[in-house]
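*Asks:* Whatever this is, show me its structure:
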Amino acid sequence: MTTTETDKKAPKQRSDIALQYLRPGKKLPHVWCPGCGIGVVMGAYIRALDKLGWDRDAVAMVSGIGCSSRMPVYMDFHSLHTAHGRALPFATGVKFNRPDMNVVVITGDGDALAIGGNHFIHACRRNINITTILINNSIYGMTGGQGSPATPSGDKSTTTPYGNSEKHFDPCTLATAAGASYVARASVHAVPQLEKLIKGGLAHDGFSLIEVIANCHTYYGRLNRLGDAVAMLRRYKEQSVTVAKARKMSPEELEGKIVLGMLHQDEKTEFCNEYQKVVELLKKKRGTNGN
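*Replies:* Model (predicted):
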């Protein structure tokens, strides 16, 4: 049965399903600015996970530091709110000790690609079964609007007030080159696609990255005169093209475009499974069988 057929037969999801996944007793409102795209990602994540029917006790959410990394604080799952840039090492430890758990990392472009850049590369390389949702708002939001590795060249931040002289990372290209087996890009203006790609990443056996283009109108938008949240969402919609359409476009035509959809997917061995094979082989050689 295809995924589409399964979705058609599934019971209709309640419109207030997000309320069932919020952490009891957690005081709201949240820390995000009005109109921030991170809330859109959280809603899509909840709906995707709910459709998979996972037991929330079988889910561990791990984050570092930053606006996006506050997300696990608000949701009722096992959670680790760790050091800046270190979400993936903590998540690797959880997955390695409890391979049966579904481990999800919520991170931002500064958290994952600057301080955590080394960890990001090696998590991809190992193809460990962790789902990483990287919310890319092109700037460090919580710490004051500093430039991140995803701040586009020439754009302004509080640390590049005259324009960014550096080249910026493409997280999806980096993840694909490093060995991730599920790589997709979504945007907060295209919510159904965002939800679908997150659901696919959660169900994938291996390291999955879903980069989500999101608006930070408070810092990035204001410093670069991109308008309010609505104006930024409209801009993302105008700039976006599908993977299929992008394949027919020249490099010149793709300049300044945001390619959305499934960018890379393949099947390869998963890290925890491979390590367990080594353990079992050693047990067999020693004749202990773990006793």
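*Asks:* what bits of the stretch 101-250 of the chain have low per-residue confidence?
*Replies:* Within the stretch 101-250 of the chain, not a single segment meets pLDDT under 70.
*Asks:* Show me where this structure has its strands.
*Replies:* Secondary structure of the chain, counting by DSSP state E: strands at 59-63, 78-81, 102-108, 130-136, 182-187, 208-213, 240-242, 258-265.
*Asks:* Take these and lay them out in a markdown table including mean neighbour count.
*Replies:* Glycine gets a C-beta too; all of them are placed from N, C-alpha and C. As requested, the strands of the chain are arranged in a markdown table below (neighbours: other CB atoms under 10 Å):
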| stretch | mean neighbour count |
| --- | --- |
| strand 59-63 | 25 |
| strand 78-81 | 18 |
| strand 102-108 | 28 |
| strand 130-136 | 28 |
| strand 182-187 | 26 |
| strand 208-213 | 27 |
| strand 240-242 | 17 |
| strand 258-265 | 19 |
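*Asks:* Tabulate those (a markdown table), appending distance to residue 48.
*Replies:* Shown next, in a markdown table, are those (distance: least, CB to CB, whole Å):
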| stretch | distance to residue 48 |
| --- | --- |
| strand 59-63 | 12 |
| strand 78-81 | 18 |
| strand 102-108 | 10 |
| strand 130-136 | 10 |
| strand 182-187 | 11 |
| strand 208-213 | 10 |
| strand 240-242 | 20 |
| strand 258-265 | 15 |
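*Asks:* who wins for proximity to residue 149 among those strands?
*Replies:* strand 130-136 (10.0 Å; CB to CB).
*Asks:* I'd like to know which elements that closest one is packed against.
*Replies:* helix 38-52, helix 87-97, strand 102-108, helix 109-110, helix 117-126, helix 191-203, strand 208-213 (3 or more CB pairs under 8 Å, 6 or more residues apart in numbering; DSSP states H and E).
*Asks:* Can you report how many residues neighbour residue 15?
*Replies:* Neighbours of residue 15 under the rule other CB atoms under 10 Å: 8.
*Asks:* Could you check how far it is from residue 46?
*Replies:* If you measure residue 15 against residue 46 using CB to CB, to the nearest Å, the figure is 12 Å.
*Asks:* Same check on residue 172?
*Replies:* Taken as CB to CB, the span from residue 172 to residue 46 is 24 Å.
*Asks:* got it, and residue 224?
*Replies:* 31 Å.
*Asks:* nearest spatial neighbour of residue 132, skipping sequence neighbours?
*Replies:* Distances taken as CB to CB, 6 or more residues apart in numbering put residue 105 closest to residue 132, at 4.4 Å, once the chain neighbours are dropped.
*Asks:* In this structure the one you found contacts residue 131, no?
*Replies:* Yes: Residue 105 is within contact range of residue 131, at 7.1 Å (criterion: CB atoms under 8 Å).
*Asks:* which residues in the stretch 151-291 of the chain form helices?
*Replies:* 171-178, 191-203, 222-223, 229-239, 243-246, 251-254, 271-286 (DSSP state H, counting those that start in this stretch).
*Asks:* for those helices, which one sits closest to residue 67?
*Replies:* That would be, of the helices of the stretch 151-291 of the chain and by CB to CB, helix 229-239, which comes in at 13.8 Å.
*Asks:* For that closest one, what is the distance to the chain centroid?
*Replies:* Computed by CA atoms, centre = their mean, to the nearest Å, the chain-centroid distance of helix 229-239 equals 20 Å.
*Asks:* can you tell me the distance between the two ends of stretch 46-57?
*Replies:* Its start and end residues considered, stretch 46-57 measures 14 Å (CA to CA, to the nearest Å).
*Asks:* All further residue positions should be reported with the first residue as 807.
*Replies:* Fine by me, first position is 807 from now on; the one you just mentioned is stretch 852-863.
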